[in-house]
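**Q** need a 3D model of the sequence below.
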Amino acid sequence: MDRKKIIIIGCPGSGKSTFARRLHDVTGLPIYHLDNLFWKADRTHISRDEFDTRLNEYMQGDCWIIDGNYSRTYEIRIAACDTVIFLDYGEEVCMQGITNRVGKVREDMPWIEDELDPELVEMVQQYETQNKPVLQDLFRKYPEKEVITFYNRDEAMKWLVSEYIVV
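**A** Take a look at the predicted model:
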């Protein structure tokens with residue numbers, strides 16, 4: 001399948017942005033991080049309307065990689081993409097992911113997190129029961145979309161190498 005419009009979704013801490021960067025590196029597709037779209041460096045955010053307008057502008061492009069959760073936009077992104085990459089990792093892996101990024105510069109976020117955000121912890125803890133069922137329903141609603149699910153980081157990296165690196 002010719003993958004030109006790809007969304008990467010999964011629990012916070014699953015490594016969506018890291019995977020998106022690696023996919024960008026091998027495909028050259030433009031990459032958009034939803035956290036950079038929504039958040040400002042002063043930890044305030046743009047309005048919901050402005051976010052939606054800018055997201056729609058990104059999706060008008062001929063090709064792209066969009067990473068991020070933002071569950072209220074799941075359906076419009078799934079409808080617009082040709083490929084969904086779903087990082088379906090367990091809570092423990094994702095908790096470790098959000099813990100490991102504290103204090104680190106990230107190109108997908110306009111500031112450095114100096115402590116573990118309790119709201120983010122709660123999002124990780126509730127992902128399996130609140131977000132995942134919604135996604136599974138949407139995957140059934142859009143059967144024409146290629147949905148590629150990975151259950152661990154090794155599996156995702158092996159796929160990336162096998163799909164895009166020609167030896």
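**Q** tell me the spacing between the closest residue to Gly13 other than its chain neighbours and Thr73.
**A** Distance criterion C-beta to C-beta, 6 or more residues apart in numbering; nearest residue to Gly13, sequence neighbours excluded, is Gly97 at 3.0 Å. For the C-beta atoms, the positions are set from N, CA and C on the backbone; glycine is no exception. Gly97 sits at a distance of 21 Å from Thr73 (criterion: C-beta to C-beta, to the nearest Å).
**Q** also Glu92?
**A** Taken as C-beta to C-beta, the span from Glu92 to Thr73 is 27 Å.
**Q** which of the two has more neighbours?
**A** Using other C-beta atoms under 10 Å as the criterion, Glu92 and Thr73 rank with Thr73 on top: 20 against 10.
**Q** ok, Arg106 - contacts?
**A** 17, 112 (C-beta atoms under 8 Å, 6 or more residues apart in numbering).
**Q** roughly how far apart are it and Phe86?
**A** Where Phe86 is concerned, Arg106 sits at a distance of 21 Å (C-beta to C-beta).
**Q** average pLDDT for stretch 37-49?
**A** For stretch 37-49, the mean pLDDT works out to 92.
**Q** send me it as PDB with only the CA atoms.
**A** Output of stretch 37-49 as PDB, limited to C-alpha atoms (Å, rounded to 0.1, in the frame of the first residue of the first chain):
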ATOM      1  CA  LEU A  37       0.200  22.700  17.300                       C
ATOM      2  CA  PHE A  38      -1.900  23.000  20.500                       C
ATOM      3  CA  TRP A  39       0.600  24.200  23.100                       C
ATOM      4  CA  LYS A  40       2.500  27.500  23.300                       C
ATOM      5  CA  ALA A  41       6.000  27.800  24.900                       C
ATOM      6  CA  ASP A  42       4.400  29.600  27.900                       C
ATOM      7  CA  ARG A  43       2.200  26.400  28.600                       C
ATOM      8  CA  THR A  44      -0.900  28.100  27.400                       C
ATOM      9  CA  HIS A  45      -2.700  26.800  24.300                       C
ATOM     10  CA  ILE A  46      -4.500  28.000  21.300                       C
ATOM     11  CA  SER A  47      -8.300  27.900  21.000                       C
ATOM     12  CA  ARG A  48     -10.100  24.800  20.000                       C
ATOM     13  CA  ASP A  49     -11.300  26.600  16.800                       C
END
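**Q** now do that stretch: distance to the chain's middle.
**A** Taking C-alpha atoms, centre = their mean, to the nearest Å, one finds stretch 37-49 lying 17 Å from the centre of the chain it belongs to.
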